[in-house]
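Asker: Predicted model follows, preceded by the sequence.
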Amino acid sequence: MGLAPLIVVLKTLAITKNDDTYNQAARFWAKIFGINFAIGVVTGIPMEFQFGTNWSHFSRFAGGVIGQTLAMEGCFAFFLESTFLGLFLYGEKRLSRGMHWFAAFMVFVGSWASGYFIIATNAWMQSPVGYEKAADGSLQLSSFWALVLNPWAWVQYAHNMSGAVITGAFVMAAVGAFYLLGNRHVEQARIFLRVGVVAGLIVSILQLFPTGDRAGKMVAEKQPVTLAAMEALFNTQQGAPLMIIGQPNMATRHNDNPIMVPKMLSFLTFKRWNAEVHGLNEFPERDWPQNIPLLYYAYHIMVGLGTMFIAAMGIAALLLWRGKLFESRWMLWILMLMFPLPYIANTAGWMTAEMGRQPWLVYGLMRTEEGFSKMVSAGNGWFTFLGFAGMYTVLGILFLFLVRREIEHGPEPALAGSLPTQNAQHSSEVR
Amino acid sequence: MATIWFMIVAVMVAMYVLLDGFDIGAGAVHLLIAKSDVERRTILRAIGPVWDGNEVWLLAAGGTLYFAFPLLYASSFSGFYLPLIMVLWLLILRGIGIEFRNHIQDGMWTSAFDVIFSIASALLAIFLGAALGNVVRGVPLNADGYFFEPLWTNFLVGTNNGVLDWFTVLCGVVALVTLVVHGLLYIATKADGDLNVRARKMARVLWPVQVLVTGLSLVATLTVRPGVLDNYLKWPIGFAVPLLVFCSLLYLFVAERSGKDKGAFLASCGYIVGMLVGAAFALYPTVLPASTDPSYSLTIYNTATGAHGMRVGFVWWGIGMALAAVYFVFVYRMFRGKVRIEEGSSGHGY
């Protein structure tokens, strides 16, 4: 998802500058995208099924509402994405330049539409809207537009998508840095760095403000107990401080070794230095998220890494602007080594969202322990869980292996002879 | 309104079986029929640009089922827990078999992925058939509308069902034979030379087998669920469906003999649609019969979503499908015609 808009940028540059180097860059990233997409498709299919297999009571309860967004994802996004990806990956020789750009653009639209429907589903679980209770206790849709235009969904979507682009931008910049440090594919490397750093800076800033800021305020408003747990704020305070580092101690209900910024939490949440922030003590313990320390760490890792992204991309962009980035080997090293961090930050962000919602499956309406498939025994659950764990481990290894191979191989040189035949593409790809 | 959504889901499932059916079938015979690396790549290239889109029909059908009949989705997916999860594993293996095979030109690598792709495809065909068999035969639903089936119990049809018994295994065999023929005919339309000849020959050999298992499955269904005839007797127009199956099989035979690859493939499509529509027609309005107590059966009425939701669904479903149809026509036109891979060109991708 994060790579798709960057590929569109590369294709656009190729057309506006009439320079085939950008097309080569796009082709290289399309291959990486293809590997990602294959893994994404095969691991994405189980997700839709697991609503039914593992969460059948939840599906029966909420299917009348979120069935809408999930079915729309299938009907709108998946068809779009898979069709145009086929065209984009296999059709470069058969399509005109403009049409090939269009195929890339539609892949981007499809994957981002898919993202919206999924986020709208998750947002509904975080902040249910547009439903009514039917006679049998299940929920039914009462307002389609309330569901689709859920304010929570828009904020979460923006935050999630800029997070995805951060990953794409960092990986692109890291590969560029890797090539430049090894003095290979120099021309391509510079393109990767330019596009990666500029896009990376923009989205890193967007990630904090306004999207992250809005998301935090939304949590404070709709899930105050979650905010208290994320910040490990045990007692309600006026002018609450922001803890930068510190270890929540659940036994004594206070934080060990805290380093605090006074009054900062109140200001960030309510724009007033002395505003009152609700602590965990105000909520019954059965409504607390079950694993407060892990939630707290996930949230702080996300925020900490996000801050580092802005700093790193800010410095890199400054160097790029001054024309010194390509010679600053120390910065290239940093960019190269940072590529795993956005993955960690995104995972930590999702952990924050999901663990923060606990103990609720649908916030305020259904608890997690009410939603799973009661007819499936734990033995069967473990069997399939271990099977998935094994299979995903193999997929992960394959993925790393293939991506490493593509990066090792590098972008293709210009196509020899540009006759529009299938075979020209073939022979040019002989290793 | 629930009836219309029932038809919509049935059509989407039929689309899935038609489209993904040929690439599953082609996969199942991949090892048997394609002898050289070039031939194997020809098959993969014939399905490469479209398999993913075909599989989307499964997702879209699943999503639509979830949306229109939440209780049915919840009950059947958790009840068929183990076989469904295994289907997911097979889909994963098949997907990477197709996508990753040609990333590395190495005999060990490619043959490993060929084997994964082929076995996963064959098992998928059997599982899909067995799943349909389960829906026709009925499952041990309880009063809440839930059930859980182990993979097998004693292979007998009764109230203590497993997913696999003699009836559903027979359905699995029917599905395997059907999809293999379907896949062979697709390969015949997309390939030239030896591969084309071999695909035709194998399809010809399988024709009597297909007729035999079709007949067997019909008799078996009537034994297991005599009630399937009720709807046909009520609305005799329904007998047009078995007629379609019969005519398709007949035309399949004729077209194969006269070398009309496309005609034979279309006949196979007609046969598949006929079999599925015939089953759906017989079940209606039940969607999951109970083998325990008929009053526990899930029907379109006790599983459907709210009226407002269904009305809203018509709007976006119509728009979504119109768009999807446009893409499909476009992409099949783009990649129409025979696949040709030159000897010696070691293609990346397909």
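Answerer: Sure, I can see it.
Asker: Please, where are all the strands along chain A?
Answerer: Remark: strands of chain A, listed N- to C-terminal, are A:131-133, A:139-141, A:237-238, A:242-249, A:254-261, A:276-277, A:360-362, A:366-367; assignment by DSSP state E.
Asker: what does the first one rub up against?
Answerer: It stands for strand A:131-133. By CB atoms under 8 Å, 6 or more residues apart in numbering or on different chains, the list of residues contacting strand A:131-133 from outside reads A:64-65, A:139-142, A:147. C-betas here are computed from N, CA, C, even on glycine.
Asker: Which of those ranks first by neighbour count?
Answerer: Neighbour counts for these were taken using other CB atoms under 10 Å in any protein chain shown; the highest belongs to A:V65, which has 31 neighbours.
Asker: and that one, how far is that from chain B?
Answerer: 8 Å (CB to the nearest CB, to the nearest Å).
Asker: Would you mind confirming that that residue makes contact with A:F144?
Answerer: No. With the criterion set as CB atoms under 8 Å, A:V65 and A:F144 do not qualify as a contacting pair; they are 9.8 Å apart.
Asker: where does chain A dip in pLDDT?
Answerer: Counting by pLDDT under 70, chain A has low-confidence residues at A:413-431.
Asker: Nearest to the spatial middle of it, which residue is it?
Answerer: Within chain A, one residue has its C-alpha closest to the average C-alpha position: by CA atoms, centre = their mean, that is A:A164, at 4.1 Å.
Asker: Tell me where the model's unsure across the stretch 151-300 of chain B.
Answerer: B:154-155, B:158-160.
Asker: list the contacts for B:C171?
Answerer: Each residue near B:C171 by CB under 8 Å, 6+ apart is listed here: B:129-130, B:132-133, B:136, B:217.
Asker: if we can go back for a sec, name the residues contacting each of A:V65 and A:F144.
Answerer: Common neighbours of A:V65 and A:F144, counting by CB under 8 Å, 6+ apart, are A:G130.
Asker: Can you tell me how far A:N274 is from chain B?
Answerer: Where chain B is concerned, A:N274 sits at a distance of 46 Å (CB to the nearest CB).
Asker: Count the neighbours of the residue lying closest to A:L305 once chain neighbours are set aside for me.
Answerer: Closest residue in space to A:L305, ignoring its immediate chain neighbours: A:A345 at 4.0 Å, by CB to CB, 6 or more residues apart in numbering or on different chains. Other residues near A:A345 come to 23 when the count uses other CB under 10 Å.
Asker: Would you check that B:L206 makes contact with B:H182?
Answerer: No. When contacts are counted by CB under 8 Å, B:L206 is not listed as touching B:H182 (10.5 Å).
Asker: So between these two, which is more surrounded?
Answerer: Taking neighbours as other CB under 10 Å, B:L206 and B:H182 compare with B:H182 leading, 26 against 18.
Asker: Which secondary structure element is home to that one?
Answerer: Assigned by DSSP states H and E, B:H182 belongs to helix B:166-190.
Asker: Show me what counts as buried in that helix.
Answerer: If you call a residue buried by 16 or more other CB atoms under 10 Å in any protein chain shown, then helix B:166-190 has these buried ones: B:167-190.
Asker: do stretch A:101-113 as well
Answerer: Across stretch A:101-113, burial judged by 16+ other CB under 10 Å covers A:101-113.
Asker: Need those residues in a markdown table (columns: distance to A:V175).
Answerer: Putting these into a markdown table (distance: CB to CB, whole Å) gives the following:
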| residue | distance to A:V175 |
| --- | --- |
| A:W101 | 22 |
| A:F102 | 26 |
| A:A103 | 23 |
| A:A104 | 19 |
| A:F105 | 23 |
| A:M106 | 25 |
| A:V107 | 20 |
| A:F108 | 20 |
| A:V109 | 25 |
| A:G110 | 24 |
| A:S111 | 20 |
| A:W112 | 23 |
| A:A113 | 27 |
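Asker: Next, the contact list for the residue nearest to A:H278 when sequence neighbours are not counted, please.
Answerer: Closest residue to A:H278 in three dimensions, ignoring its sequence neighbours and counting by CB to CB, 6+ apart: A:P224, at 4.7 Å. Counting by CB under 8 Å, 6+ apart, A:P224 makes contact with A:278, A:282-283.
Asker: Pretty sure B:V287 sits in a strand.
Answerer: Yes. Secondary structure assignment places B:V287 in a strand (DSSP: H, G, I helix; E, B strand; the rest coil).
Asker: just to revisit the earlier point, just the buried residues of stretch A:101-113: which are in helices?
Answerer: Of those, the ones assigned to helices by DSSP state H are A:101-113.
Asker: do you know how far B:L252 is from chain A?
Answerer: Relative to chain A, B:L252 is positioned 29 Å away (CB to the nearest CB).
Asker: how deep is that residue tucked in, by neighbour count?
Answerer: B:L252: 25 surrounding residues under other CB under 10 Å.
Asker: I'd assumed it was in a helix, is it?
Answerer: Yes. According to three-state DSSP, B:L252 belongs to a helix.
Asker: Next up, the contacts around A:L325.
Answerer: Taking CB under 8 Å, 6+ apart as the contact definition, A:L325 lies against A:193, A:197, A:316, A:319, A:331-332.
Asker: Of those - the most surrounded one?
Answerer: Greatest neighbour count in the contacts of A:L325, by other CB under 10 Å, goes to A:V197: 29 neighbours.
Asker: now the residue nearest to that residue when sequence neighbours are not counted: how far from chain B?
Answerer: Leaving out its chain neighbours, the residue that sits closest to A:V197 by CB to CB, 6+ apart is A:A316, at 4.7 Å. Going from A:A316 to chain B by CB to the nearest CB gives 32 Å.
Asker: Report the contact partners of A:A316.
Answerer: A:A316 makes contacts with A:173, A:197, A:200-201, A:325, A:331, A:335, as judged by CB under 8 Å, 6+ apart.
Asker: So which of those residues is the closest to chain B?
Answerer: Proximity of the contacts of A:A316 to chain B (CB to the nearest CB) peaks at A:A173, which lies at 24.6 Å.
Asker: just checking, the closest one touches A:R190?
Answerer: No. With contact taken as CB under 8 Å, A:A173 and A:R190 are classed as non-touching, separated by 11.1 Å.
Asker: between those two, which one's more packed in?
Answerer: Neighbours were tallied for A:A173 and for A:R190 using other CB under 10 Å; the higher tally belongs to A:A173 (29 against 18).
Asker: Contacts only, for that one.
Answerer: Contacts were defined as CB under 8 Å, 6+ apart; by that measure A:A173 touches A:192-193, A:196-197, A:200, A:316, A:335.
Asker: now do 6 Å
Answerer: By CB atoms under 6 Å, 6 or more residues apart in numbering or on different chains, the contact set of A:A173 is A:193, A:196-197, A:200, A:335.
Asker: Could you find which two of the residues you listed are furthest from each other?
Answerer: A:L193 and A:G200 (9.8 Å; CB to CB).
Asker: so what's the backbone phi/psi at B:G306?
Answerer: Phi and psi for B:G306, reported as degrees, to the nearest 10, are phi -60, psi 160.
Asker: Quick check: the spatially closest residue to it that is not a sequence neighbour vs A:V362, distance?
Answerer: Nearest in space to B:G306, with sequence neighbours left out and distances taken as CB to CB, 6+ apart, is A:Q140 at 3.3 Å. When distances are taken as CB to CB, to the nearest Å, A:Q140 and A:V362 turn out to be 14 Å apart.
Asker: Same question for A:Q126.
Answerer: With the distance defined as CB to CB, A:Q126 ends up 9 Å from A:V362.
Asker: Alright, I will stop here.
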